[in-house]
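Asks: Sharing a model prediction with you, sequence too.
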Amino acid sequence: MDNYIVSARKYRPSTFQSVVGQKSLTTTLKNAIINNKLAHAYLFCGPRGVGKTTCARIFAKTINCFHPTPEGEACNECESCCSFNENRSLNIHELDAASNNSVDDIRALTEQVRIMPQLGKYKVYIIDEVHMLTQSAFNAFLKTLEEPPHHAVFILATTEKHKILPTILSRCQIYDFSRIGINDIVDYLEYVAKQENISYEREALNIIAQKADGGMRDALSIFDQVVSFSQGNVTYKTVIDNLNVLDYDYYFRITDAILQNNVAQCLLLLNEILSKGFDGQHIISGLALFLRDLLVCKDPQTIVLFEVGDAVKEKYLELARRCEAPFLYKAMELTNETDLSYRYSKNKRFAIELLLIRLCQVKASPEEGDKKKIVIEAIGGKNESKEENFKDFENLNDSKTVTQTNNIPKVSNENSLLVKPIARVRLNGDPEQASKPETGSSQAENPTQTDPSWEDRVKSWKEDANQKDHTQTLFTDKEKYLYMVDKNPSLKDLVKEFNLRLD
């Protein structure tokens, strides 16, 4: 039986043209070869699986090729190219800095650099994971890296550029490799599937590309795994089963239930998802991404950011037309808040259920959103402006009583922080006197300045436990508090007496 080679090795690019998703970098390297403007040191940095080491090997082979093409590619026919393809070239040396990171290893490399190449023009030293070198090893490498022999070329590769010394960075040409796009990965997986005579669904390859997170090596490894699981028939169903990916259909059904304000259906769908073993954090993050995709596909200008397969794109567009932008903004905000607080929740299932309930409320009352607003109406049923509603509180400093007239506002929202306003407050004397304000007295107009007994009345008010509760309930409404304090500065002392934090 022939030895099996994984796709990541079997279909590793051997030319610049076959490198996926790094066109600008490969073009720069080819132009440098064509114009014979080669640097002595290069630094290739970027995420895993995006082609750093692959491009370093292709570059090393091409600069030693005896007959390079006019496009800057290796001929793959000369002795130098053949020796490289057969892994017997003496001009290319690869060093793993993770296991050879000491000063002695760098000293041995420095001694080896002096030897001239036996075949070809250059000796190329590829140092992978160069950020793993120790501080002393970096310092020992500085002089050689700055002034190497004319036949030596260093190519450093790393995933963590920030760990490399600035003195090393300043001696290299730096190439930043980017993550490979989903469409590029899907196209390459289609090429591999056709070469291997494997049947596939493009939507299934799209799921693999999303799971790979921009790394071609990861995508090919997942592809091999799914092929083994599905016996050569890669479908959307087999991919989500093998990779433990939540089906798109659940997010469509949950969003549809939210739009219908159907809390019961949302909770049942959540229970069905959890019964399949999915983690709650995965559900929340998936729902957030789904809402983001709905928002993105609403605007033709942002449709380019929409990275899903063509098979479900129409379903997204149809659902997006039913969702208003303010609803999506608020839903994304609530989902993000739950995602951040989920790890600290003791009852994690309840946190997700509460999120779904709040999302249903957002759709039911988009004007209010999640935060309950205080709706103030006149007792007599007559709607008045905010200024008129608060006018009667200006008489709060009355010399003996605080009265309620027909214009004193009441709260119509049960969930408001302001449960009930003051109706009758007994300061001194008979409670019945609370509804009969004194008239004709100058003290009633400004008791804080002319009435010496005001502090005694406040003390009496404070001692009345029932009325104290009413006062606290009133002042929990910050807006009314600010209005009344502005009209009656003496109330600041009253608030301090009750140790209330309102500002």
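Replies: That came through fine.
Asks: what about the stretch 351-500 of the chain, any weak spots by pLDDT?
Replies: Along the stretch 351-500 of the chain, the parts satisfying pLDDT under 70 run over 364-500.
Asks: My error: substitute the chain in the last question.
Replies: Those would be 1-2, 309-311, 364-503, if you go by pLDDT under 70 across the chain.
Asks: how about the strands in it?
Replies: Here the chain has its strands, by DSSP state E, at 41-45, 92-96, 123-128, 152-158, 173-176, 199-200, 233-234, 376-377, 410-411.
Asks: nearest to Gln112, of these?
Replies: Comparison of the strands of the chain against Gln112 by C-beta to C-beta identifies strand 92-96 as nearest, at 7.3 Å. In short, each C-beta sits where N, CA and C put it, glycine included.
Asks: Can you list the strands that that closest one pairs with?
Replies: Note on strand 92-96: by DSSP bridges, its sheet partners are strand 123-128 (parallel).
Asks: Can I get the partner strand in PDB, CA atoms only?
Replies: Taking Å, rounded to 0.1, in the frame of the first residue of the first chain, the C-alpha atoms of strand 123-128 are listed here in PDB:
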ATOM      1  CA  LYS A 123      23.300  29.600   0.800                       C
ATOM      2  CA  VAL A 124      19.900  30.300   2.300                       C
ATOM      3  CA  TYR A 125      19.300  29.900   6.100                       C
ATOM      4  CA  ILE A 126      15.600  29.600   7.100                       C
ATOM      5  CA  ILE A 127      15.200  30.100  10.800                       C
ATOM      6  CA  ASP A 128      11.600  29.100  11.800                       C
END
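Asks: about what we covered before: now tabulate the strands of the chain in a markdown table and tack on mean neighbour count and distance to Ser136.
Replies: A markdown table is the format used below for those (neighbours: other C-beta atoms under 10 Å; distance: least, C-beta to C-beta, whole Å):
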| stretch | mean neighbour count | distance to Ser136 |
| --- | --- | --- |
| strand 41-45 | 23 | 20 |
| strand 92-96 | 18 | 16 |
| strand 123-128 | 23 | 16 |
| strand 152-158 | 24 | 17 |
| strand 173-176 | 16 | 23 |
| strand 199-200 | 17 | 51 |
| strand 233-234 | 19 | 50 |
| strand 376-377 | 18 | 73 |
| strand 410-411 | 16 | 72 |
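Asks: possible to save these as TSV with distance to Thr28?
Replies: Putting these into TSV (distance: least, C-beta to C-beta, whole Å) gives the following:
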stretch	distance to Thr28
strand 41-45	11
strand 92-96	21
strand 123-128	17
strand 152-158	14
strand 173-176	7
strand 199-200	34
strand 233-234	35
strand 376-377	67
strand 410-411	68
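Asks: Pretty sure Ala97 sits against Met132.
Replies: Yes: the pair Ala97 / Met132 is scored as a contact, 4.6 Å apart, by C-beta atoms under 8 Å.
Asks: Compare those two and say which one has the larger neighbour count.
Replies: Ala97 (20 against 17; other C-beta atoms under 10 Å).
Asks: Lys123 versus that one, what's the distance?
Replies: 18 Å (C-beta to C-beta, to the nearest Å).
Asks: now do Thr53
Replies: 18 Å.
Asks: can you map out the helices along the stretch 251-400 of the chain?
Replies: 263-275, 280-296, 310-322, 325-341, 348-364, 386-389 (DSSP state H, counting those that start in this stretch).
Asks: Show me what the first one is packed up against.
Replies: Read that as helix 263-275. helix 248-259, helix 280-296, helix 348-364 (3 or more C-beta pairs under 8 Å, 6 or more residues apart in numbering; DSSP states H and E).
Asks: So which residues make contact with it?
Replies: Residues outside helix 263-275 that contact it (C-beta atoms under 8 Å, 6 or more residues apart in numbering): 246, 250, 253-254, 257-258, 280, 283, 349, 352-353, 356-357, 359-360.
Asks: Report the inter-axis angle for it versus helix 280-296.
Replies: Computed by axes from the mean of the first three to the mean of the last three C-alpha atoms, to 10 degrees, the angle separating helix 263-275 from helix 280-296 equals 130 degrees.
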